[in-house]
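Visitor: Whatever this is, show me its structure:
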Amino acid sequence: MLWGAGFILAGLLLLMYPQLEKKAADHKQEQLIEAFEQLSDVGRKIDEAEPPHAEPANVQQDAVELLDGARGVIRIPKIDLNMMIFEGSDESALRKGVGMIEPEKEIGKNNVGLAGHRAVTYGKQFNRLDELAPNDEIEIETKTGRYVFVVTKAFVVDRTKVEVLADQKEPLLTLVTCTPIGKKNPTDRLIVQARLKRLG
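Guide: Have a look, this model is predicted:
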């Protein structure tokens, strides 16, 4: 009888694990975004010669360390995505959030590629990217401004087709993730491209 209860409990934990993992990841993203917004606010007040709210130095230092390499926040209302953007597309950047493939490019001026993982957990990182369609909006907030992009197309390419990241005549945002979801070492990439609609 005791063994049976143990197996049932283990089964329930296995079923609940993806949702618990998603909640933990969402909470971490909320903390990162809040820290990013606080740092931006403090920086703005310093620039404007206003005294920032007195915060303990260790709180600000923790935020700085947490946000090492942070470039902004991506929000996609249609798929309920709010994530931090970090420089680079290596594993350490993608573990923290969305990675900026070429950090030297400028959002709102170049074709900026953002990479994100997909995992089996529904709604995690770029899992729902395939739900985006033309005219859906993507918001990017950086320390210097807010940019609104509109999806123009979505398509699949081989992972070697890096020309999708080449600059065009107009500012673009190119979201990149592996496809199909759940496949080990997939060779294809799902691409969602969006053009700049407006600033702020």
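Visitor: leaving aside the residues next to it on the chain, what's closest to residue 96?
Guide: Nearest residue to residue 96, sequence neighbours excluded (C-beta to C-beta, 6 or more residues apart in numbering): residue 86, at 5.3 Å. Where you see a C-beta, it was placed from the backbone N, CA and C, and this is true even at glycine.
Visitor: Secondary structure class of the one you found, three-state.
Guide: Of the three states, residue 86 takes strand under DSSP: H, G, I helix; E, B strand; the rest coil.
Visitor: Quick check: it vs residue 199, distance?
Guide: Noted for residue 86: a distance of 22 Å to residue 199, by C-beta to C-beta, to the nearest Å.
Visitor: which residues does residue 189 contact?
Guide: Counting by C-beta atoms under 8 Å, 6 or more residues apart in numbering, residue 189 makes contact with 156-159, 161, 176-179.
Visitor: Closest one of those to residue 104?
Guide: Nearest to residue 104 among the contacts of residue 189 is residue 176, at 17.0 Å by C-beta to C-beta.
Visitor: and the closest one, how many neighbours?
Guide: Close neighbours of residue 176, defined as other C-beta atoms under 10 Å, add up to 25.
Visitor: for residue 104, same thing?
Guide: Neighbours of residue 104 under the rule other C-beta under 10 Å: 7.
Visitor: Name the spans of this structure whose pLDDT lies under the cut-off.
Guide: For the chain, residues meeting the criterion pLDDT under 70 lie at 1-7, 9-66, 120-124, 200.
Visitor: can you give me the helices for it?
Guide: Ranges of helices in the chain, per DSSP state H, are 2-47, 57-66, 91-96.
Visitor: Neighbour count: residue 86 and residue 199, which is higher?
Guide: Shown here are residue 86 and residue 199; by other C-beta under 10 Å, residue 86 has more neighbours (25 against 11).
Visitor: Is it correct that the more buried one is in contact with residue 71?
Guide: Yes: Residue 86 is within contact range of residue 71, at 6.6 Å (criterion: C-beta atoms under 8 Å).
Visitor: and for the two, which residues touch both?
Guide: Counting by C-beta under 8 Å, 6+ apart, the residues touching both residue 86 and residue 71 are residue 100.
Visitor: Give the full set of residues in contact with residue 163.
Guide: With C-beta under 8 Å, 6+ apart, residue 163 has no contacts at all.
Visitor: Alright, I will stop here.
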